[in-house]
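1. Curious how this folds, go ahead:
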Amino acid sequence: MTDETPTLAERLRNSPQYWLPAAAITALTHRITRVRAPWLRKPLIRWFIDAYRVNMAEAAEPDPEAYEHFNAFFTRALAAGARPIVAGEDRLCCPVDGAVSQAGALAGERVLQAKGHDYSLTALLGGEPADSAPFAGGCFATLYLSPRDYHRIHMPVDGRLRTMIHVPGRLFSVSPLTTRCIPGLFARNERVVTLWDTAAGPMALVLVGAINVASMETVWAGTITPPLGGAIRRWQYPAEGEGAVHLAKGDELGRFNMGSTVILAFAPGAVGLDASIRAGAPVRLGQALAQRLVG
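-> Numbering: from 1, shown residues only. I've put the predicted structure just below:
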């Protein structure tokens, strides 16, 4: 990760994303990654392991040939104990493996994307000011998952789901280069927004789609995308009883079927980000993300 302003050559290299048929490419990727035929599945998984130096010793199923298709391999579970969850009721855990793209204080409701770029938290969360208002002046963390990373997302803190929003959008890459080149990237891409009441106050956790990625699912609703659709969809959840969703710190929340980015936002004065959560730093599921300051 870097905050360097992109060069002209980098901008030119990135520009084809504006006209690529991203939806068609992503739909094709979705189909290929679910092919069960051994002649495609086995060499594709082997190639990916070699190309991205995937550590299969961490997987609950370390045998690459045991997976029914590439997506089952890509979203593989970890072996028990592979990612210890930070102890302590006042400590939030990192929800994913990956790297910190950006993190820090929100400037009102503006979120830093990269040097020279920020975007609206209201736009990121689907356009309703009431959804973003609790987080204005709080803090955020943007976590990028590379292809080699573990691609399940876990709960940073005990919480209850209030709202889920599917926001249609573009399917730009979320690579570090693209993040530096395309203004408002995360508020333009397809995404699934989840809003929580937690032991550390209100929390927004956003799954951002990307080219080859736009299939996201949660443990309570299953696959949200595809279909990609063209209208914002919104679900409300009760506090208790049938349909209520309660997750504990470390519980699986959802997964990317192919990799992307997770963005978290917290209310002002609610948490203090851990010193390790800084731009460019690698992170692993379960490590300290923040310290609870309220509750």
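
2. going forward, measure contacts between C-alpha atoms and count neighbours the same way
-> Noted.

3. ok, Glu252 - how many residues close by?
-> By the criterion of other Cα atoms under 10 Å, Glu252 has 16 neighbours.

4. ok, now which ones touch the residue nearest to it when sequence neighbours are not counted?
-> Distances taken as Cα to Cα, 6 or more residues apart in numbering put His154 closest to Glu252, at 4.2 Å, once the chain neighbours are dropped. By Cα atoms under 8 Å, 6 or more residues apart in numbering, the contact set of His154 is 94-96, 249-254, 285.

5. Let me know the closest of those to Val167.
-> Among those, Gly254 lies closest to Val167 (Cα to Cα), at 16.5 Å.

6. hang on, isn't that closest one packed against Ser215?
-> No. Taking contacts as Cα atoms under 8 Å, Gly254 lies outside contact range of Ser215: 11.0 Å.

7. Which one's more surrounded, those two?
-> Ser215 (25 against 20).

8. what's the closest non-adjacent residue to that one?
-> Thr225 (4.7 Å).

9. Over to Gly159?
-> Closest to Gly159 by Cα to Cα, 6+ apart is Thr198, at 3.9 Å.

10. Quick check: the one you found vs Arg110, distance?
-> Shown here: Thr198 relative to Arg110, a distance of 23 Å by Cα to Cα, to the nearest Å.

11. thinking again about what came up before, is it true that the residue nearest to Ser215 touches Thr218?
-> No. At 10.3 Å, Thr225 does not count as touching Thr218 under the criterion of Cα under 8 Å.

12. and for those two, which residues touch both?
-> With Cα under 8 Å, 6+ apart, Thr225 and Thr218 have no common neighbours.

13. one step back: when you compare pLDDT across the contacts of His154, which one is lowest?
-> For those, the weakest pLDDT value sits at Gly254, with 94.

14. partner residues bridging it?
-> Bridge pairing for Gly254 (DSSP bridges) gives the partners Ile153, Thr218.

15. show me what contacts it?
-> 152-154, 216-219.

16. Now a ChimeraX select for only the buried ones of the residues you listed.
-> A single ChimeraX command selects the buried members of the contacts of Gly254 (16 or more other Cα atoms under 10 Å):
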select :152,153,154,216,217,218
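
17. how about the contacts of Gly254 in CSV, adding distance to Phe140 and pLDDT?
-> Shown next, in CSV, are these (distance: Cα to Cα, whole Å; pLDDT from 0 to 100):
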residue, distance to Phe140, pLDDT
Arg152, 20, 94
Ile153, 17, 96
His154, 17, 98
Met216, 21, 85
Glu217, 22, 88
Thr218, 21, 95
Val219, 24, 95
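
18. what's the closest of the contacts of Gly254 to Ala87?
-> Nearest to Ala87 among the contacts of Gly254, with distances taken as Cα to Cα, is His154, at 14.9 Å.

19. Could you measure from the closest one over to Tyr67?
-> For His154, the distance to Tyr67 (Cα to Cα) stands at 22 Å.

20. just for the stretch 151-295 of the chain, where's the confidence low?
-> Along the stretch 151-295 of the chain, segments meeting pLDDT under 70 span 172-175, 177-178, 181, 211-214, 226-229, 258-259, 294-295.

21. ok, 80 please
-> 170-183, 210-215, 225-230, 257-259, 294-295 (pLDDT under 80).

22. mind listing the strands for it?
-> With strands called from DSSP state E, counting those that start in this stretch, the stretch 151-295 of the chain shows them at 152-154, 159-167, 191-198, 201-208, 216-218, 222-225, 233-236, 246-247, 252-256, 261-266, 271-273, 282-283, 288-292.
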